[in-house]
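1. Structure for the following, please:
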Amino acid sequence: MAENPKKPGIIPGIYHRILLKDGARPCRERVRGGAPGEELIKHEEVKMLLKNDIVEECNSEWSSNLVIIRKKDGTPRTCVDLRKVNMATRFD
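-> Down below sits the predicted model:
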């Protein structure tokens, strides 16, 4: 278990590979804006993820939107909408 759940460690020797379907092309979604309050939540979440080295900036051909989902207790959860990426990948 990570001491700080916002900054999990890296397990050496574990690699992740995404296999694309034949003929799959990168998908770059246009940025979908949300309510100002949701945009603030997204901005703060991305800032925290960058600070804790969980994500890094890149200029990839692949791009998916962040969406805010409300949990049962009403607190926000930031998620990535990977539906288009999932349509282009093979399941192992």
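
2. C-alpha only now, for contacts and for neighbours.
-> Will do.

3. show me what contacts the closest residue to Val85 other than its chain neighbours?
-> On the basis of CA to CA, 6 or more residues apart in numbering, the spatially nearest residue to Val85 that is not a chain neighbour turns out to be Cys27, at 7.1 Å. Residues in contact with Cys27, defined by CA atoms under 8 Å, 6 or more residues apart in numbering, are 61-63, 84-85.

4. What of Lys42?
-> Listed by CA under 8 Å, 6+ apart, the contact set of Lys42 reads 66-68, 78.

5. State the three-state secondary structure for it.
-> Assigned by DSSP: H, G, I helix; E, B strand; the rest coil, the conformation of Lys42 is helix.

6. confidence score at it?
-> Looking at Lys42, its pLDDT reads 93.

7. Repeat that for Asn52.
-> Looking at Asn52, its pLDDT reads 88.

8. How confident was the prediction at Met1?
-> Met1 is assigned 60 on the pLDDT scale.
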